[in-house]
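Visitor: here is a sequence together with a model predicted from it:
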Amino acid sequence: DAEITQSPRHKITETGRQVTLACHQTWNHNNMFWYRQDLGHGLRLIHYSYGVHDTNKGEVSDGYSVSRSNTEDLPLTLESAASSQTSVYFCASSGGRDQPQHFGDGTRLSIL
Amino acid sequence: QKEVEQDPGPLSVPEGAIVSLNCTYSNSAFQYFMWYRQYSRKGPELLMYTYSSGNKEDGRFTAQVDKSSKYISLFIRDSQPSDSATYLCAMGRPGGTSYGKLTFGQGTILTVHP
């Protein structure tokens, strides 16, 4: 079965460190998305991509970057981790812009 | 005002009850609608997807869309303890710079007790 896998599932790091969260999907979807989920804010879009070499900023993109070198992967990088970036991060993909998104099980990131 | 409003609950019901979950939205450009279920420490899981007004049924779940009132609902019949989760509504609009992105409600926490 096709799926979307995020790694690591949990991570603890220190402020100022660079952190990369992995997202890999086997749906062969062109569209991929990164969200963070926080109490009181729901799901907020960080970055998204509509195809290889395409990346776009979402509503909370400051301090984050992505790159898309193939269809399957969209890694999310925190350039210099801040405590405000402690959150649960979800990756999603969709097969078309009017199609539903399918989510991974998330990465729980703590920045101390 | 948020584009999508969803009562956060929490909602607690006895097993077997009919559950009604609701979202209202302000932007008439939204044309397709989804409901997701999210268990604790898991990602959102798609339950229902619809592109039109009216009802769509899948087992114990019915999604209802009323575009004229800008209101969507999810009904769960014969609710089970395994339905205990957070339910998220989501919606999207075709065309323009937002095409492909979804706007989510805040989620409603549902507990079904035996």
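Guide: Noted; the coordinates are in hand. These numbers come from a predicted model, not from an experiment.
Visitor: list phi and psi for the nearest residue to B:Tyr71 once chain neighbours are set aside.
Guide: Excluding the flanking residues, the one nearest B:Tyr71 by C-beta to C-beta, 6 or more residues apart in numbering or on different chains is B:Thr24, at 5.3 Å. Every C-beta, even on glycine, is put in place using the N, C-alpha and C of the backbone. The phi and psi values for B:Thr24, taken as degrees, to the nearest 10, are phi -120, psi 150.
Visitor: can you tell me which residues contact B:Thr24?
Guide: Going by C-beta atoms under 8 Å, 6 or more residues apart in numbering or on different chains, B:Thr24 touches B:Val4, B:Glu5, B:Lys70, B:Tyr71, B:Ile72.
Visitor: can we see that at 7 Å?
Guide: Applying C-beta atoms under 7 Å, 6 or more residues apart in numbering or on different chains to B:Thr24 gives the contacts B:Glu5, B:Lys70, B:Tyr71.
Visitor: how much space separates it from B:Val4?
Guide: Distance, B:Thr24 to B:Val4, using C-beta to C-beta, to the nearest Å: 8 Å.
Visitor: quick check: residues of chain A near chain B?
Guide: Counting by C-beta under 7 Å from any C-beta of the partner chain, chain A comes close to chain B at A:31, A:42-43, A:45, A:48, A:50, A:90, A:97-98, A:100-106.
Visitor: ok, 6 Å please
Guide: A:Asn31, A:Gly42, A:Leu43, A:Phe90, A:Arg97, A:Asp98, A:Pro100, A:Phe103, A:Gly104, A:Asp105, A:Gly106 (C-beta under 6 Å from any C-beta of the partner chain).
Visitor: before we move on, what SS does the fifth one have?
Guide: When you say that, I think you mean A:Arg97. The local conformation at A:Arg97, judged by DSSP: H, G, I helix; E, B strand; the rest coil, is coil.
Visitor: neighbours around it, how many?
Guide: Other residues near A:Arg97 come to 17 when the count uses other C-beta atoms under 10 Å in any protein chain shown.
Visitor: among the residues of chain A next to chain B, which are in strands?
Guide: When DSSP state E defines the strands, the subset of those inside them is A:Asn31, A:Gly42, A:Leu43, A:Phe90, A:Phe103.
Visitor: and the residues you listed, which are buried?
Guide: Buried by 16 or more other C-beta atoms under 10 Å in any protein chain shown: A:Asn31, A:Gly42, A:Leu43, A:Phe90, A:Phe103, out of those.
Visitor: as CSV, the residues of chain A next to chain B with pLDDT would be great.
Guide: Below are these laid out as CSV (pLDDT from 0 to 100):
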residue, pLDDT
A:Asn31, 96
A:Gly42, 87
A:Leu43, 94
A:Phe90, 98
A:Arg97, 88
A:Asp98, 88
A:Pro100, 93
A:Phe103, 97
A:Gly104, 97
A:Asp105, 96
A:Gly106, 97
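Visitor: which of the contacts of B:Thr24 are buried, as a PyMOL select command?
Guide: Provided next is the PyMOL selection string for whichever of the contacts of B:Thr24 are buried by 16+ other C-beta under 10 Å:
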select buried, chain B and resi 5+70
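Visitor: ok, the contacts of B:Thr24 vs chain A, which is closest?
Guide: Checking the contacts of B:Thr24 against chain A with C-beta to the nearest C-beta, the nearest one is B:Glu5 at 11.3 Å.
Visitor: in space, what's closest to that closest one - neighbours in sequence excluded?
Guide: By the measure of C-beta to C-beta, 6+ apart, the closest residue to B:Glu5 outside its immediate chain neighbours is B:Thr24, 4.9 Å from it.
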